[in-house]
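Chemist: Starting from these lines, generate the structure:
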Amino acid sequence: MLYYCPLLPYVAATLLLCLISASSFEIVERDDIYRSVLCPAFLIFDTAAYLKDMTFELPCHCKPEATKSVVWYYQKKTGTKKTWVLTDFNGTVQFDAESVQGSFQIVFRFTIRMFSLIVFKAQLEDSGNYMCGSRDGHFFYGYNVDIQESSNAYIAFTDQSGHPQPDMISKYFVTFTTFWDWTVCDRCDVRGEQRRVGLCYIKTNYLNARFRTTLRNVTSCGSEAVPSKLKTYGYARRPEIIIRSCMTPCHKKKKGVWGKITSLMHSIMQFKDFIPFVPKVPTQIHTHPLGSRLSLACPGAKPEHAVAWDKDDDRLYRSEYLIGLNTSMRVFIDHGNHLNFRAVQYDDKGIYYCWLQGKMKAGFRLAVQRDPSRRRRFNDPESVFAMKTIGISFLFLTFIFITVHCVKCCFRDVNVGCFKSYTDT
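Modeler: Numbers count the residues shown, from 1 in each chain. So this is what the prediction gives:
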């Protein structure tokens, strides 16, 4: 449920601002965004690399004009016979055993949207080949995705004189870190943070030609284009996360009469932030069970975006809440910009605000309640797992019991035989 309560005194001012700014926007219909492109005769994989826990999107760049929907397939390695279908043959429903809680909605980790495959909170086992094709098994476009470990990422804070890792230079290859651009300041008018993600890349002349790279002879360390003998050297290098503090204003002053009008409107709209019963941004209400895991995702956020989290008026800075800084943290921000709770408690009640690209985007009002008890059935996954565990444990203990008694009987028979032979003599 979404609600947003604007103040009545500022309705006129808001309408005036909307009417003035509407003239500077124009809705352009783009009917060529998903226009069909000729597919290559031989399937070539584009290489891509992401950090664990990131959410990324793989567009299907080409398909026949007659195809109204696509099916996404997954292979662990090129040439293997086992292929998984990530969506149904209508290209609308996804199949994945694991679901996660994101933005207070149960979503599957693999989702198809407008011919593109969206992977939510990628894991290491998601590395492999992703192909969009038809329901009869014809492939149109392919990706080779390399998911790099984030738990052992090298984290450096420039405010604490942190420095990147040095390159590893050899005769046949060079491993180095390719950094993304610095994100914009994740907050405005208050102290914010900037993040720079660096992934492990390798440069060598021995790459597989079937995998297309942005730069010649350069690809990610875990890509299938890298020979197996060189992958061991790439695994030894860790991804990097560089973080620094920043400060930027929410509104940039402009010269002239128009600049004065916009500055006045910005100052008027700031008054609503000081009224407690008026939310700062559209807020979603959710009640979550006590003691369960929870993961929040900022709507519309991508891996390269700047995302920040606040609880009410408290700033959750990465310098304190970034995953990996402390193994005992119950509330943390992962490298995919998600706010995670290992076990929700009553103290977690409140409104959580997410900032996207330096602007406050949305709010999540969290309420905590006890999980209502329900009767278990024999066909529930938890019941099946419990019965299997109990049965295997019973068989194991029975085997130990029988083995001990057999050994005991054997020793007793040997002792009795020895005693009889001694008495006979």
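Chemist: From now on I want contacts and neighbour counts done on CA atoms only, so please keep to that.
Modeler: Fine.
Chemist: for residue 229, phi and psi?
Modeler: Phi and psi for residue 229, reported as degrees, to the nearest 10, are phi -70, psi -20.
Chemist: Likewise for residue 403?
Modeler: With angles defined as degrees, to the nearest 10, residue 403 shows backbone torsions of phi -60, psi -40.
Chemist: Strands along the stretch 1-150 of the chain, start to end?
Modeler: For the stretch 1-150 of the chain, the strands defined by DSSP state E, counting those that start in this stretch occupy 2-3, 45-51, 56-58, 71-75, 84-85, 99-102, 105-108, 110-113, 116-119, 128-133, 139-148.
Chemist: The second one pairs with which strands?
Modeler: The partner list of strand 45-51 in its sheet, established with DSSP bridges, is strand 139-148 (parallel), strand 211-212 (parallel).
Chemist: I'd like the strands of the stretch 1-150 of the chain as JSON lines, with distance to residue 404 and mean pLDDT appended.
Modeler: Converted to JSON lines, these look like this (distance: least, C-alpha to C-alpha, whole Å; pLDDT from 0 to 100):
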{"stretch": "strand 2-3", "distance to residue 404": "66", "mean pLDDT": "44"}
{"stretch": "strand 45-51", "distance to residue 404": "51", "mean pLDDT": "93"}
{"stretch": "strand 56-58", "distance to residue 404": "56", "mean pLDDT": "91"}
{"stretch": "strand 71-75", "distance to residue 404": "48", "mean pLDDT": "89"}
{"stretch": "strand 84-85", "distance to residue 404": "47", "mean pLDDT": "84"}
{"stretch": "strand 99-102", "distance to residue 404": "45", "mean pLDDT": "38"}
{"stretch": "strand 105-108", "distance to residue 404": "49", "mean pLDDT": "43"}
{"stretch": "strand 110-113", "distance to residue 404": "51", "mean pLDDT": "82"}
{"stretch": "strand 116-119", "distance to residue 404": "52", "mean pLDDT": "88"}
{"stretch": "strand 128-133", "distance to residue 404": "49", "mean pLDDT": "91"}
{"stretch": "strand 139-148", "distance to residue 404": "48", "mean pLDDT": "93"}
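Chemist: Among the ones you listed, which comes closest to residue 299?
Modeler: Between residue 299 and the strands of the stretch 1-150 of the chain, the shortest gap by C-alpha to C-alpha is with strand 99-102, which sits at 9.3 Å.
Chemist: if we can go back for a sec, pick the most deeply packed of the strands paired with strand 45-51.
Modeler: strand 139-148 (a mean of 24; mean count of other C-alpha atoms under 10 Å).
Chemist: Just put the strands paired with strand 45-51 in TSV and tack on distance to residue 202.
Modeler: As requested, these are arranged in TSV below (distance: least, C-alpha to C-alpha, whole Å):
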stretch	distance to residue 202
strand 139-148	13
strand 211-212	14
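Chemist: Okay, buried residues for stretch 176-185 please.
Modeler: Going by neighbour count (16 or more other C-alpha atoms under 10 Å), the buried part of stretch 176-185 is 176, 177, 178, 179, 182, 183, 184, 185.
Chemist: Serialize the strands of the stretch 1-150 of the chain to JSON lines and add fields for distance to residue 339.
Modeler: Shown next, in JSON lines, are those (distance: least, C-alpha to C-alpha, whole Å):
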{"stretch": "strand 2-3", "distance to residue 339": "20"}
{"stretch": "strand 45-51", "distance to residue 339": "16"}
{"stretch": "strand 56-58", "distance to residue 339": "17"}
{"stretch": "strand 71-75", "distance to residue 339": "28"}
{"stretch": "strand 84-85", "distance to residue 339": "30"}
{"stretch": "strand 99-102", "distance to residue 339": "9"}
{"stretch": "strand 105-108", "distance to residue 339": "14"}
{"stretch": "strand 110-113", "distance to residue 339": "20"}
{"stretch": "strand 116-119", "distance to residue 339": "17"}
{"stretch": "strand 128-133", "distance to residue 339": "27"}
{"stretch": "strand 139-148", "distance to residue 339": "20"}
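Chemist: Out of the ones you listed, flag the one nearest residue 365.
Modeler: The closest of the strands of the stretch 1-150 of the chain to residue 365 is strand 2-3. By C-alpha to C-alpha, the value is 10.4 Å.
Chemist: ok, back up a step: out of the strands of the stretch 1-150 of the chain, which gets nearest to residue 242?
Modeler: strand 45-51 (13.7 Å).
Chemist: quick one, strands of the stretch 201-350 of the chain?
Modeler: Under DSSP E, counting those that start in this stretch, the stretch 201-350 of the chain gives strands at 211-212, 218-220, 240-247, 283-289, 294-296, 307-311, 314-316, 331-333, 339-341, 350-356.
Chemist: and of those, who's closest to residue 122?
Modeler: strand 294-296 (13.4 Å).
Chemist: The closest one packs against which elements?
Modeler: Contact here means 3 or more C-alpha pairs under 8 Å, 6 or more residues apart in numbering; DSSP states H and E; on that basis strand 294-296 packs against strand 99-102, strand 339-341.
Chemist: Pairing partners for it, with directions?
Modeler: Using DSSP bridges, strand 294-296 pairs in its sheet with strand 339-341 (antiparallel).
Chemist: if we can go back for a sec, how about the strands paired with strand 45-51, which one is nearest residue 410?
Modeler: The nearest among the strands paired with strand 45-51, by C-alpha to C-alpha, is strand 139-148 at 56.1 Å.
Chemist: got the contact list for the closest one?
Modeler: Applying C-alpha atoms under 8 Å, 6 or more residues apart in numbering, the external contacts of strand 139-148 come out as 39-40, 43-52, 58, 60-63, 122-134, 199, 211, 220, 222-224, 239.
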